[in-house]
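1. Predicted model and sequence below, questions to follow.
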Amino acid sequence: MQYKFPENFWWGSSASGPQTEGRFPNDGKGDSIWDFWYQEEPEKFFNGVGPEKTSQVYKKYKEDIQLMKKIGHNSFRTSIQWSRLIPEGRGTVNPEAVKFYNSYIDELIANGIEPFFNLYHFDMPMTLQKEGGWVNRKTVDAYVEFAKTCFELFGDRVKKWFTHNEPVVPVEGGYLYQFHYPNEIDMRKAVIVGYHENLASAKAIEAYHAMNLPGEIGIILNLTPSYPRDEANPEDVKAAKIADAFFNRSFLDPAVKGEFPEELVTILKELDMLPEIQAGDLETIKNNTVDLLGINYYQPRRIKAKETPIDHSHGPMPDDYFDNYDMPGKKMNPYRGWEIYEKGIYDILTNTRENYGNIPCFISENGMGVEGEEKYINADGQIEDDYRIEFISGHLKYVSQAIAEGTNCLGYHMWTCMDNWSWMNAYKNRYGFIAVDLDQDGKRTIKKSGYWFKELAETNQFEA
Ligand code: BG6
């Protein structure tokens, strides 16, 4: 069967500054929380590989853009590292960073690849983190200044901006489940972080629109549909709804509808954990919703009613309201430990159509991290990643169905282009269309999936 996509569909991939650029002498970059954390506890990172190494995109971006072109990209998303552009978080702009991002943007455009730029990809400048990071409201002001600087410097050519990538992840990783610096467990702070990220997003959108630049601004959210263990069990259904409010609607509703979900507000009120809301904040959030929604989808969330005893050791937690459900027989990516459920992408797209005004959206991340891909290298030195082709096509079938039913989905970006640095997992799992050999100075080799994607992008269809 042929699966078809509209003309001018955005085909490409996504990445981020901190996971790709690396650090080089005299580049003027300041420390982000990742640089700092790695200096403090390098053993926490897979094989001891830190954020200064990565895939050297800072030096190799011209070569990389030729490879993107070779695999059919018409668009590509990465992020501006706040700590590269403004090393201390606020104040002086780093001229080396301006040169780099200008040249990166110009090179993409010259090669027919539209640059999409995100402003925050988990990379708080360390100077601001020392003052509390997103817990401190002053960070919102610093972020808005940073955003304005980016719009002024690059907004004549970059026409797709995003305020955050997966803003719920710094909440979860930094303040609930310990996989981002500062690695705390403190739900009160987690709520404040989420609130400030939402406010910062609305204020950046307000600033962008006020500048009348020729483009659009949105947000990128990891939407993990919450499926109850048993649809017929009201307790499971209720638990799944609460998980959805905590992890999806906490950002989706303010971003698209300009308001916070009632269920979440009620719970936080009961816990006496509502953040401090200043006069005008809610109006700002109400009046500055996104033009465009990026959807990252990797895995669903399976939920059942709370059965295990509540753990009070760290105070209240979202998990007091549900248990994660380990569904028997689910399909897994064993390397990352994430379930593969292709229909989830269709359910998200249907939800945006039915409940979020069919907002213009695109799949901004979807992908499969695999460890030990060297074992799939063929005689010509190419990684035959048929599993990745199967993963992408399995999801794209559902994207094409959602579009046929009227969902306003404008593109598909795979995570990622070049294999890159996956935070604490460093280079354990590889996600790219293009392999990066760390032992050969980051040598690039296109995988089988890259050539498959090229054909898809050129014909707007595939057969399966
Ligand atoms: C997304 C992020 O959550 O998933 C990326 O936007 C990340 O930054 C990607 O790398 C894959 O997850 P991980 O944890 O395996 O790197």
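-> Cool, the structure landed.
2. contacting residues around the residue in the chain that the ligand sits nearest to?
-> Proximity of the chain to the ligand (Cβ to the nearest ligand atom) peaks at S422, 3.1 Å away. C-beta coordinates here come from the backbone N, C-alpha and C atoms, glycine included. With contact set as Cβ atoms under 8 Å, 6 or more residues apart in numbering, S422 has these partners: 19, 369, 428-429, 431.
3. The same query, at a cut-off of 10 Å, please.
-> For S422, the contact set (Cβ atoms under 10 Å, 6 or more residues apart in numbering) comprises 19, 45-46, 49, 336, 369, 415-416, 428-431.
4. same deal with Y181?
-> By Cβ under 10 Å, 6+ apart, Y181 lies in contact with 32-34, 36-38, 40-41, 44, 122, 124, 126, 129, 133, 170, 173-174.
5. picking up where we left off before, would a markdown table of the contacts of S422 with distance to V93 be doable?
-> Listed next are those as a markdown table, based on distance: Cβ to Cβ, whole Å:
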| residue | distance to V93 |
| --- | --- |
| Q19 | 23 |
| F45 | 30 |
| F46 | 34 |
| V49 | 30 |
| R336 | 37 |
| G369 | 35 |
| W415 | 29 |
| T416 | 28 |
| K428 | 35 |
| N429 | 35 |
| R430 | 34 |
| Y431 | 32 |
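6. Of those residues, grab the buried ones for PyMOL.
-> Only the buried entries of those go into this PyMOL selection, using 16 or more other Cβ atoms under 10 Å:
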select buried, resi 19+45+49+336+369+415+416+428+429+430+431
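7. just the contacts of S422 that are near the ligand?
-> When Cβ under 6 Å from any ligand atom is applied, the members of the contacts of S422 adjacent to the ligand are 19, 336, 369, 415, 429.
8. secondary structure class for the nearest residue to the fourth one once chain neighbours are set aside?
-> Using Cβ to Cβ, 6 or more residues apart in numbering and skipping the chain neighbours, the partner closest in space to W415 is G367 (3.7 Å). In three-state terms, and counting by DSSP: H, G, I helix; E, B strand; the rest coil, G367 is coil.
9. What parts of the stretch 101-250 of the chain come near the ligand?
-> Counting by Cβ under 6 Å from any ligand atom, the stretch 101-250 of the chain sits next to the ligand at 165-166, 222.
10. Swap in 8 Å and give it another go.
-> Contact residues (Cβ under 8 Å from any ligand atom) of the stretch 101-250 of the chain with the ligand: 121-122, 165-166, 169, 220, 222.
11. and those, which of them are in helices?
-> If you go by DSSP state H, these have V169 in helices.
12. between the residues of the stretch 101-250 of the chain next to the ligand, which has the most around it?
-> Within these, most neighbours by other Cβ atoms under 10 Å means I220, with 29 neighbours.
13. Does that residue have any beta-bridge partners, and if so which?
-> For I220, the beta-bridge partners are N165, G294 (DSSP bridges).
14. hang on, isn't it packed against F122?
-> No. With contact defined as Cβ atoms under 10 Å, I220 does not reach F122; the gap is 11.8 Å.
15. what's the overlap in contacts for the two?
-> Joint contacts of I220 and F122 (Cβ under 10 Å, 6+ apart) are 79, 164-167.
16. got the residues you listed as TSV, with pLDDT columns?
-> As requested, those are exported to TSV (pLDDT from 0 to 100):
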residue	pLDDT
S79	99
H164	99
N165	99
E166	99
P167	99
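17. For those, give me CSV that also has distance to G280.
-> Formatted as CSV, those follow (distance: Cβ to Cβ, whole Å):
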residue, distance to G280
S79, 28
H164, 21
N165, 27
E166, 27
P167, 21
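18. Longest helix in the protein, please.
-> If you go by DSSP H, the chain has its longest helix at helix 187-210.
19. Now that one: buried residues?
-> 187-205, 207-208.
20. For the stretch 151-300 of the chain, give me the ranges with low pLDDT.
-> The stretch 151-300 of the chain contains no residues with pLDDT under 70.
21. residue ranges of the helices in it, please?
-> Assignment of helices within the stretch 151-300 of the chain using DSSP state H, counting those that start in this stretch yields the ranges 168-175, 187-210, 234-244, 250-257, 262-270, 281-287.
22. is it possible to export those helices to a markdown table including distance to S226?
-> Shown next, in a markdown table, are the helices of the stretch 151-300 of the chain (distance: least, Cβ to Cβ, whole Å):
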| stretch | distance to S226 |
| --- | --- |
| helix 168-175 | 13 |
| helix 187-210 | 17 |
| helix 234-244 | 4 |
| helix 250-257 | 12 |
| helix 262-270 | 12 |
| helix 281-287 | 23 |
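23. Looking at those, spot the one closest to I109.
-> Proximity to I109 (Cβ to Cβ) singles out helix 187-210 among the helices of the stretch 151-300 of the chain, at 19.5 Å.
24. what helices or strands is that closest one leaning on?
-> When contacts are defined as 3 or more Cβ pairs under 10 Å, 6 or more residues apart in numbering; DSSP states H and E, helix 187-210 packs onto helix 138-154, strand 160-165, helix 168-175, strand 216-222, helix 250-257, helix 262-270, helix 281-287.
25. among these, which is nearest F116?
-> Of all the helices and strands packed on helix 187-210, it is strand 160-165 that lies closest to F116, at 4.1 Å by Cβ to Cβ.
26. Just confirm Y3 is within a strand.
-> Yes. Under three-state DSSP, Y3 falls within a strand.
27. Let me know the distance separating it from E342.
-> Separation of Y3 from E342 (Cβ to Cβ, to the nearest Å): 12 Å.
28. Find residues that contact each of the two.
-> Shared contacts of Y3 and E342, defined by Cβ under 10 Å, 6+ apart, comprise 393, 396-399.
29. Kindly present these as TSV, with separate columns for secondary structure and distance to the ligand.
-> Below are these laid out as TSV (DSSP: H, G, I helix; E, B strand; the rest coil; distance: Cβ to the nearest ligand atom, whole Å):
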residue	secondary structure	distance to the ligand
S393	helix	19
L396	helix	18
K397	helix	22
Y398	helix	19
V399	helix	18
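30. ok, those residues vs I310, which is closest?
-> For those, the minimum distance to I310 (Cβ to Cβ) is 36.5 Å, reached by Y398.
31. and the nearest residue to that closest one once chain neighbours are set aside, what element?
-> Excluding the flanking residues, the one nearest Y398 by Cβ to Cβ, 6+ apart is Y346, at 3.7 Å. Using DSSP states H and E, Y346 maps to helix 343-355.
32. Flag every buried residue along that helix.
-> Buried residues in helix 343-355, counted by 16+ other Cβ under 10 Å: 344-353.
33. touching the ligand at all, that helix?
-> No. Against the ligand, helix 343-355 shows no contacts by Cβ under 8 Å from any ligand atom, the least distance being 14.6 Å.
34. Quick check: which helices or strands does that helix pack against?
-> Using 3+ Cβ pairs under 10 Å, 6+ apart, helix 343-355 is in contact with helix 250-257, strand 292-296, strand 361-365, helix 386-404, strand 409-415.
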